[in-house]
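Peer 1: Model the following, please.
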Amino acid sequence: MKKSLLIFSTVLLFICAAAQPPTDPRLKGLDTFALKVLKDWNAAGVTIAVVEKNKVVYTGGFGYRDLDKKLPVTENTQFAIGSCTKAFTASMLGMLEKEGKLEIDKPVRTYLPELKFQNEYTNDHCTLRDMMCHRTGLPRHDLSWYASWASRSELLERIQYMEPTAELRARWQYNNFMFMAQGIVIEKITGRSWEENMKQRILKPLGMDNTNLSTNDMEKMTDHSLAFATNETSIKAIPYRNIDAMGPAGSINSCAKDMAKWLITWINNGKYEGKEIIPAAYRNDAITIQMAMGGGAPGAENPDVHISGYGLGWMLSSYRGHYRVEHGGGIDGFITTTGFFPSDSIGIFVSSNQGGVSSSIRNFIADRMLKLSYRNWSKMQLDGVMKARDAAKAVKKNDSIGHKFNTKPSQELKNYTGIYKSPGYGSIEISMKEGGLVSKFNAIDIRLDHFHYDQFNAVILDPALQGQDPIRFTFHIDVSGDITKLTVPFEGGVKDIEFVKETKAIAVKKSELEKYVGEYELQPGAIAKFYIKGENTLYAFIEGQPEFELVATDKNKFELKVMKGYSVQFEENAKGEIVAASFVQPNGTFKAKRK
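Peer 2: Have a look, this model is predicted:
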């Protein structure tokens, strides 16, 4: 369920909020350019910080933080900066290393034994450095945490069930879980929460007083931006996505004025106003390529933008002959870019409350500050989005490939309802609504449209995910004809994620259970015995096997409590008397007549 590309709206939004234009001559026309980009992209607002050496060149905003109320963006307007948080978290590990409290090249399980991977080699050798530069072998698996109610510790436990797609250090693969786990390492070593460490180690020393770590706190601020989403005809505010549990990977909310201080610190070798905040040795390590990202070869359209590597919480590249350290951040309704040019001592922060505005404005500013020739970045990126949109439409036209028409589900729709659970992804609840199937995965509402046989298209109804392509849900039936599991392709390159249907036990009185008690002959000399233990629990026993507790799931049907896929179906005659019991299991069905 990866977010689809942002779609350019054909209905343009005219942005006219007043803003303070830059006074630095190098940024002349930034206000005009920014307002045009907002209009072209049908975006609401953007906030910007530009710094040079140890001084602020510009902080301000354009457009609106609230469209309906026509409230303008300012240098103090808070925006969610998403994964730009990662450099903050990694920096605290650099501080702890300087304090002698950890070594980033030691196996991470030295500090966090609770962290487990499927691969034992990774368990034994994965280091904090590997986690900090995304080379653990794990792909994103983002839908395990996105919109989930799971706690930080619960998400950590899920990692062991996630399938890797590469060996340790073989390939760069972005993974938010690894930065969340870094936050837990910080908590364990210091005895204080990641949030408290952030405030004491970074925010307070830098005077970032208008920065917080949760959307719950951002909503309370007087000057905060709403999140927005667009389709081809409109733009509207959407709810914030609370990601507190994944906080160390992306939950910071900040403003241009505060982020200028963060950039000045990195430009000045980790110092702010003469005081070391980030250890110099760590700072230099962090902005050095630790892992090649791939896809960094020069392109025909922009041959002077190339190289693609990852440091420690930063992405590194060559931008038109200048070394750039940068990281993007995206969470529902917000797109941010934070970066600097170490050799040129220039830093740029741009955050928008919708769409592809941020990188276009960032590159405009970079070209001006670095005295480079003009390039129409906004048009190039818009053209790319339009091409991607057209390609997506073409794919949808061919959706009939592999589609078996005129089929129907093998069961009544009510049989598909229930709760399906995965140890690595949580649960999917499926229920009936207005004669059809609907689903709830984490906080995401889904409508299930029949595709063919026992496959359904999951249509995402969440406003932040509008335009998302449907996901194919496949239901599986056991030998007894019961729906027992659901598989979903939530992560590319790995097996479909398996969700096992929970057994829904029904209460049966002891007086009703007594009709099943007795001996049943499977074959000469092989007797199955059924008896009651305790108040109202039915058990089965066959000589040479352990006794099995049975759980009632339907009329005359029981499942073996500790063995998935095994059940007992009792048979009654016209008088309602139990005359036989069939043991249904993966290798067949075995009938026993009552003696």
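
Peer 1: Between the two ends of stretch 499-514, how far is it?
Peer 2: Criterion CA to CA, to the nearest Å; first-to-last residue distance in stretch 499-514 is 34 Å.

Peer 1: cool, stretch 300-316 as well?
Peer 2: Length of stretch 300-316, first residue to last, CA to CA: 20 Å.

Peer 1: and it, which residues are buried?
Peer 2: Taking 16 or more other CB atoms under 10 Å as the basis for neighbour counts, the residues of stretch 300-316 that come out buried are Val305, Ile307, Ser308, Gly309, Tyr310, Gly311, Leu312, Gly313, Trp314, Met315, Leu316. (C-beta placed from N, C-alpha, C; glycine too.)

Peer 1: likewise stretch 553-572?
Peer 2: Using 16+ other CB under 10 Å as the burial criterion, the residues of stretch 553-572 that qualify are Lys557, Phe558, Glu559, Leu560, Gly565, Tyr566, Ser567, Val568, Gln569, Phe570.

Peer 1: what do you get for stretch 160-178?
Peer 2: Buried residues in stretch 160-178, counted by 16+ other CB under 10 Å: 161-166, 168-169, 171-178.

Peer 1: Over to stretch 220-239?
Peer 2: For stretch 220-239, burial by neighbour count (16+ other CB under 10 Å) applies to Asp223, His224, Ser225, Leu226, Ala227, Phe228, Ala229, Thr230, Ile235, Ala237, Ile238.

Peer 1: In helices, which of those residues appear?
Peer 2: Residues from the buried residues of stretch 220-239 lying in helices, with DSSP state H as the criterion: none.

Peer 1: export the residues you listed to JSON lines and tack on pLDDT and distance to Arg447?
Peer 2: Conversion of these to JSON lines gives the following (pLDDT from 0 to 100; distance: CB to CB, whole Å):
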{"residue": "Asp223", "pLDDT": "97", "distance to Arg447": "38"}
{"residue": "His224", "pLDDT": "98", "distance to Arg447": "32"}
{"residue": "Ser225", "pLDDT": "98", "distance to Arg447": "30"}
{"residue": "Leu226", "pLDDT": "97", "distance to Arg447": "26"}
{"residue": "Ala227", "pLDDT": "96", "distance to Arg447": "23"}
{"residue": "Phe228", "pLDDT": "95", "distance to Arg447": "24"}
{"residue": "Ala229", "pLDDT": "91", "distance to Arg447": "18"}
{"residue": "Thr230", "pLDDT": "83", "distance to Arg447": "22"}
{"residue": "Ile235", "pLDDT": "90", "distance to Arg447": "24"}
{"residue": "Ala237", "pLDDT": "95", "distance to Arg447": "23"}
{"residue": "Ile238", "pLDDT": "94", "distance to Arg447": "18"}
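
Peer 1: how about a markdown table for the residues you listed, with distance to Tyr520 added?
Peer 2: Shown next, in a markdown table, are the buried residues of stretch 220-239 (distance: CB to CB, whole Å):
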| residue | distance to Tyr520 |
| --- | --- |
| Asp223 | 74 |
| His224 | 68 |
| Ser225 | 69 |
| Leu226 | 66 |
| Ala227 | 62 |
| Phe228 | 65 |
| Ala229 | 61 |
| Thr230 | 65 |
| Ile235 | 67 |
| Ala237 | 64 |
| Ile238 | 59 |
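
Peer 1: where in this protein is pLDDT low?
Peer 2: Residues of the chain that meet the criterion pLDDT under 70 lie in 1-19, 232, 392-400.

Peer 1: residue nearest the centroid of it?
Peer 2: Asp142 (3.0 Å; CA atoms, centre = their mean).

Peer 1: In contact with Ile460, which residues are there?
Peer 2: Shown in contact with Ile460 (CB atoms under 8 Å, 6 or more residues apart in numbering): Met1, Ile444, Asp445, Ile446, Gln466, Gln468, Pro470, Ile471.

Peer 1: Ranking by neighbours, what's the top pick from those?
Peer 2: Tallying neighbours with other CB atoms under 10 Å puts Ile446 at the head of those, with 25 neighbours.

Peer 1: Looks to me like that one is in a helix.
Peer 2: No. Counting by DSSP: H, G, I helix; E, B strand; the rest coil, Ile446 is not found in a helix; it is strand.

Peer 1: Phi, psi for Pro342 please.
Peer 2: Phi and psi for Pro342, reported as degrees, to the nearest 10, are phi -60, psi -40.

Peer 1: actually Lys485, not the one I typed
Peer 2: When read as degrees, to the nearest 10, the backbone of Lys485 gives phi -160, psi 170.

Peer 1: And it, how far from Phe475?
Peer 2: Lys485 sits 8 Å away from Phe475, going by CB to CB, to the nearest Å.

Peer 1: Dump the longest helix along the chain to PDB, restricted to CA.
Peer 2: Under DSSP H, the helix in the chain containing the largest number of residues is helix 377-397. Listed in PDB are the C-alpha atoms of helix 377-397, where the atom choice follows Å, rounded to 0.1, in the frame of the first residue of the first chain:
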ATOM      1  CA  TRP A 377      12.700  22.400 -11.700                       C
ATOM      2  CA  SER A 378       9.000  22.900 -11.100                       C
ATOM      3  CA  LYS A 379       8.000  22.200 -14.700                       C
ATOM      4  CA  MET A 380      10.300  19.200 -15.000                       C
ATOM      5  CA  GLN A 381       8.800  17.700 -11.900                       C
ATOM      6  CA  LEU A 382       5.300  18.500 -12.900                       C
ATOM      7  CA  ASP A 383       5.900  16.900 -16.300                       C
ATOM      8  CA  GLY A 384       7.200  13.800 -14.500                       C
ATOM      9  CA  VAL A 385       4.100  13.600 -12.300                       C
ATOM     10  CA  MET A 386       1.800  13.900 -15.300                       C
ATOM     11  CA  LYS A 387       3.600  11.200 -17.200                       C
ATOM     12  CA  ALA A 388       3.400   8.900 -14.100                       C
ATOM     13  CA  ARG A 389      -0.300   9.600 -13.800                       C
ATOM     14  CA  ASP A 390      -0.900   8.800 -17.500                       C
ATOM     15  CA  ALA A 391       1.100   5.600 -17.100                       C
ATOM     16  CA  ALA A 392      -1.000   4.600 -14.000                       C
ATOM     17  CA  LYS A 393      -4.200   5.200 -16.000                       C
ATOM     18  CA  ALA A 394      -2.900   2.900 -18.800                       C
ATOM     19  CA  VAL A 395      -2.100   0.200 -16.300                       C
ATOM     20  CA  LYS A 396      -5.600   0.400 -14.900                       C
ATOM     21  CA  LYS A 397      -7.100   0.000 -18.400                       C
END
